[in-house]
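K.L.:
fold the stuff below for me.
(chains A and B)
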Amino acid sequence: MKRLLQVTFLLGNCFVSGALADPLKLISTSPEFWATNVNAPSQKKISLTFDQRLRSRLTDWVGLDVLSPPSDLQTTFSPDQMSCSIDVHLDPGRVYICALNGRGIPGVGFQTEKGAPLPPTFLVFQTAGTPTPDDAPPRVKGIIPTNGGQIDPARTRAIVITFDQPMGTKKHGLHVFENNSPVDLSKVPFTYSPDGRTFTLPYNFRPGTQYRLELNSVSDVGFSRANRIPLWPVQISFTTG
Amino acid sequence: MALIIVIVVAYLASTRIERSTSSVYANRLRAKIHADSSLTAAIHLLRESTRYGNYITAMPAPSPTPASIYTEIYRPTDPADPNHGVKADDYLQLSNAAGEILVSRATAGSSSGPDPRPSPDVVPTPLPASSPFALPSPSPALSPGNSYDFNQIVTVGSGTGRLVQPSPSPTPSPAFGQWVNVRNNASPPEVIGRYAFYIEDESMKVNVNYVGNNIGGSNMRVNDLSSPIPASTPTSQIQEIDPSAILPTTASRATADTTLTGLGNAGSRLPSRSTLGLLTQWATTFSDYAHLATAFSEDDNTTARGWRRLDLNALASGVSGNAPKAAVATRIANWIRDAWTGPTPIANLQDYQMFGDDWLRKQIAANIVDYIDTDNTPTDMGDIVPSGFSIAVPVIGFKKTPYLAGVNVVYQASNSTYPGSGTGTFTATIKMKVQFLFLNLYDTTLDLAAAMGNTTLSRVEVKGVPIVQKNGNTVYDVSSQTWTIKLSDLTPVNGSGTTVPAGTDGTTTSGARTFQTNWLDTQTVSFTVAKSDQPPKFLAQSITVKWIGNRTGNAADDYRIDDTAIVTSAVTTKWCKTCGSSSGDFLKESNSTTRQIASINYISGYQGAIVSGATPGDPRYRGRLVSDRWNFDNTRTDADPSDPSNKLDSVVDTVDINARPYGFDWFDFSGDRPLAFIRNGPMMNIGELGNVAACEYPWRTLYLQYPERPANTTAAVPAVDIPLRRGHSVDYVLADLFRTQSVQTRMGAININTQQQLGIQQRALGPLFLGVPIGAQNLSQTALDRIDNDPGSALAASVSNRRAIPAPTPFPDNGPIRPFFQAGELASVLSRLVNTSPGGSGTTGSPGRSTVSYDILRTTATNSSEKVSGSTNGNIQRDMQVEQLFREVSNSITTRGNVFRVLYVGQALKNGLVQAEYLGEAFVERQGQFTVDASNPDITRTTGSIYKTIANRVITE
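P.N.:
Residues are numbered from 1 along each chain as shown, chains lettered A, B, ... in the order given. Reported below is the predicted structural model:
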């Protein structure tokens, strides 16, 4: 009988799971992703527009250990439930991060009325003004392999990135694409140099392959300074002989 | 010679007399033979329409009066079948109907044998809403020239009456049966006789042999919502019907009932209805109401397809242990899927029409099992993914227990090292505890110990308490830890014990109690104060709460009472409600005293409808997302005892619901108590399905009301949602799929398509309703007249008016005008009579409390003064009884009978002259033959019928 019930449940689940909900997508934001020179005094709100109606009241603007803009987090939804905003108080010369569904907790944060969530998305922007040294975003000084080149996979055995500032060493924001297919790097060990400026990831390149490297993106701001100021995204591509 | 002549003459005379006598006898025999042919033809006609049990019988509306009275029969047919034969295993719909009038019909012929019968009439499809669903009048019209009028004057009791019906007196309508000529095989064939018949469905009348039991006893017309629960009606008794309602109002109805039931128990009182004419109170006017009474009616109590209904009480009563209960619930859910006879195919149903969704069917099925099952343990169907969604949700039924209605996570800071100014890193001590609010929807005090057992394994498991963050740094994070809280760890915030009181009617906040843990965790934390300092935040979180019962102490006996998740959004905290923008930081301001904040979460109405922090709802609501029913107050985290207006204290022991706007079914006033009803025993009638929570929308129980009932709210989303759901509800179909009687072939159910009447106060439907309790009062003759006859309201129509055109336009559940196809369709008509919801004043305006107006119960339906609290009409302002009228009659109604009265006549003809006539009356019983489906033993189809003549007599010859 127990087995019968299990089978019944499975069949039932198969029956009802045929049409799953489409994931939620962001159509536009204000400020835009990775915007710079955002006018702090006039940017009173941060707003998001989605491709579907939102499940009312559920938001997640704040992630763990990010640079959230000062806000009471009281979210205003548009009448069509496809846009929402919060009031903010921005300072000049600062970098802010809204970690939208940043922790990816099931059921939490921005989602459609059927519960399909927005994937973790980081809305990073910088306000106009001269940043203090602490607020300056890091920059990439060099990457091996180099952009546009061709490498010998037998000789190049790692990806090495150097930054102009010490970086937080507990995570990274590197994504590798082989012939446009993403590579899972989650279990690949990585290291930073003792000064935090050089990142190294061992990698076995495949011959005759096109590679693209993405350093940070809207879904990952792993490359950031110890004070959480992130690297603005960098992309390079190369091939192997 | 003279003697010889005398002898010859005498012989010739004797011979002539003998020849004459023989001729008369032969003609009598011929007439009898033709009459027998008539009866055979009548049975054949019945067989052609009824053998699969998926027919309905009806009577045309009395107004406009048909030229001839008759009974109609409709059956599903294959549109491609030129003979329009009954289609097995289908059910009657607007798109597949063919029908007959149950009288003899003939087309002109010249061949040997009887004239052929015309083909059945097909109801056009699609039928415009403005065109009544009805059979065309016979053409050529039935008339004395081509028909026999069976509405003969006959001796009835001690007087004279009519063979069919006396109404309208003194010249009742004829009851024609068209002559069917019978020709011999001569060349050319000669007409040698003719016959005609007239058929009535005995379910259109009141079966005095089975109704009216327990007169004056505890089971008579019990209020099925009363507490303690009334003893159930005996299974041998068709549910309470008062047969004396067919008597004139001048009769002593109580005496009449006593006299009748004094003859014997149900089924063994009267050999025929004629015996009624000998009884006190019944004798005097017998000839007037004889056509309203019968002693033979029965029906198979099958679904519209002719399948045997599933007996819910037999399935769910006495089942113990989750696996057997889940198996029963699965059978019920699958039965709903397989036996469904709704107006649209399941595949095309929308999600709020629950029967297209496996998840919702199983949730409802579990609720049905738990409504009947007597234990205190909910039926757990496991986790199921709702259609169109991707995340499974728990499917757990409801018992008569407290319901989890609030979860507040309280954080207390103390020993802060922050000196009051400056920046830097500081420390504080943080403690955390949890409060639970339990809600009692019912009429009696409930006990947590009874709900969850009282063992060391009776517990609540909480995980995912919100993280406290300040200036982007995590301060306190135990979100990954599961906190196991035993029943013994819970103490009430006020008082002692583990009980949750019942609500007090009229008090909106009553019926809840808050319990809390001791401090579950104590940590020293560090926090930073920055130059542009921000207050602490709760991060968005999913707080999972698993409420687990255990009655044995054995882990294998764990059972889920609730398994839910409260999804919160990030919120900036404040320990005080009114302190300024620069204060309220519980970390910074706890150096010399403790400060408390809380994540305050409570039951919610409907996510799309929630107005900020204001309108929580139904703790039984199981949405398509596990967190659907929860609200969290993202404007309030203040929980410090030093602030007397703090939010946390305001929700202690308090129901914070506003059921009125979201009340889908019963409850449109937040002060109504009790808020729900569970039988915890066998259902008294199938209408009790309307008490079962649907879980599809807050406060929505299975909807056995009228589709156009408005929502009592102007809130944007529910103002649309509720009418949408009400308008598209097809829940009434369930009343035709299930039964609660143990006996399958049911005696005495009354066909709601009857139009049998005498005047406006004596109707066959009257016994269904006379004395029915509706809240605080029983239906009087005045109310009965409004149910039976036109109540004179543009908002409501009587039951009988289902076949008439109610002004100004048909109701949405009756366009085109048509008979009841299924018994459940009566629910909307009755609820409309009870609750027409015109508004607060009775006609217009926004109601101050309830939209109920109780048209038929009110002295003056639109008299707003009756709605004032404390008025003489105790039903006004109560919304709990809207479905009661249907419940009370739901086991006693049908749309098809098994027993037919056949009046038949045969005439022997010679040269066009009538030589002899035989007029008889027979009662023919259809006996269904059932076959169990090989693939699903719950499906028992009517695969054929046999027809037995259970009584037959000559009237005249």
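K.L.:
could you list the low-confidence segments of chain A?
P.N.:
Low-confidence segments of chain A (pLDDT under 70): A:1-21.
K.L.:
swap in the stretch 851-957 of chain B?
P.N.:
In the stretch 851-957 of chain B, residues with pLDDT under 70: B:851-855, B:858-880.
K.L.:
using the three-state scheme, assign the closest residue to chain A within it.
P.N.:
When scored by Cβ to the nearest Cβ, the stretch 851-957 of chain B has residue B:936 as its residue closest to chain A, at 12.4 Å. No exception for glycine: its C-beta is placed from N, CA and C like everyone else's. Recorded secondary structure, residue B:936: coil (DSSP: H, G, I helix; E, B strand; the rest coil).
K.L.:
show me what contacts it?
P.N.:
B:334, B:338 (Cβ atoms under 8 Å, 6 or more residues apart in numbering or on different chains).
K.L.:
neighbours around residue B:456, how many?
P.N.:
Residue B:456 has 11 neighbours, counted by other Cβ atoms under 10 Å in any protein chain shown.
K.L.:
I'd say it and residue B:489 touch.
P.N.:
No: if you go by Cβ atoms under 8 Å, residue B:456 and residue B:489 don't touch, sitting 10.6 Å apart.
K.L.:
scan chain B for its longest strand.
P.N.:
strand B:913-932 (DSSP state E).
K.L.:
what helices and strands are in contact with it?
P.N.:
helix B:2-50, strand B:899-910, strand B:940-956 (3 or more Cβ pairs under 8 Å, 6 or more residues apart in numbering or on different chains; DSSP states H and E).
K.L.:
can you tell me which of these is most buried?
P.N.:
strand B:899-910 (a mean of 24; mean count of other Cβ atoms under 10 Å in any protein chain shown).
K.L.:
just the helices in chain A please.
P.N.:
A:2-16 (DSSP state H).
K.L.:
what about the closest residue to residue A:136 other than its chain neighbours, how many residues close to it?
P.N.:
Of all residues not flanking residue A:136 in the chain, residue A:229 sits nearest, at 7.0 Å (Cβ to Cβ, 6 or more residues apart in numbering or on different chains). As a burial measure, residue A:229 scores 23 neighbours (other Cβ under 10 Å).
K.L.:
try residue B:111
P.N.:
Using other Cβ under 10 Å: residue B:111 sits among 11 other residues.
K.L.:
part of a strand, is it?
P.N.:
No: assessed with three-state DSSP, residue B:111 is coil; it does not lie in a strand.
K.L.:
enumerate every residue touching it.
P.N.:
Residue B:111 touches B:183, B:189, counting by Cβ under 8 Å, 6+ apart.
K.L.:
can you tell me how far it sits from chain A?
P.N.:
57 Å (Cβ to the nearest Cβ, to the nearest Å).
K.L.:
got phi/psi on that residue?
P.N.:
Note on residue B:111: its backbone torsions stand at phi -80, psi 170 [degrees, to the nearest 10].
K.L.:
SS state for the residue nearest the centre of chain B?
P.N.:
For chain B, the residue nearest the mean C-alpha position is residue B:687 (4.0 Å; Cα atoms, centre = their mean). Under three-state DSSP, residue B:687 falls in the helix class.
K.L.:
spit out the contact partners of it.
P.N.:
So residue B:687 contacts B:704, B:735, B:827, B:883, B:886, B:887, B:888, B:889, B:890, B:891 (Cβ under 8 Å, 6+ apart).
K.L.:
quick revisit: what pairs with the longest strand of chain B, and is each one parallel or antiparallel?
P.N.:
Each strand paired with strand B:913-932, and its direction, by DSSP bridges: strand B:899-910 (antiparallel), strand B:940-956 (antiparallel).
K.L.:
want to throw those into CSV with distance to residue B:917?
P.N.:
As requested, the strands paired with strand B:913-932 are exported to CSV (distance: least, Cβ to Cβ, whole Å):
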stretch, distance to residue B:917
strand B:899-910, 5
strand B:940-956, 7
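K.L.:
phi, psi of residue B:558?
P.N.:
Per degrees, to the nearest 10, the backbone of residue B:558 is at phi -60, psi 140.
K.L.:
what about it, how many residues nearby?
P.N.:
19.
K.L.:
now do the contacts for it.
P.N.:
B:457, B:548, B:549, B:550.
K.L.:
swap in residue B:768?
P.N.:
B:241, B:750, B:889, B:892, B:893.
K.L.:
redo that, cut-off 6 Å
P.N.:
B:241, B:750, B:889 (Cβ atoms under 6 Å, 6 or more residues apart in numbering or on different chains).
K.L.:
not counting residues beside it along the chain, what's closest to residue B:804?
P.N.:
residue B:61 is the one closest to residue B:804 (Cβ to Cβ, 6+ apart), at 4.4 Å.
K.L.:
which SS class is the one you found?
P.N.:
coil.
K.L.:
quick revisit: may I ask which of the contacts of residue B:768 has the most neighbours?
P.N.:
residue B:241 (31 neighbours).
K.L.:
can I assume that one is in contact with residue B:892?
P.N.:
Yes: if you go by Cβ atoms under 6 Å, residue B:241 and residue B:892 touch, sitting 5.5 Å apart.
K.L.:
what is the burial count for residue 119?
P.N.:
By default, I'm working from chain A. 14.
K.L.:
wrong one, chain B
P.N.:
Neighbours of residue B:119 (other Cβ under 10 Å): 14.
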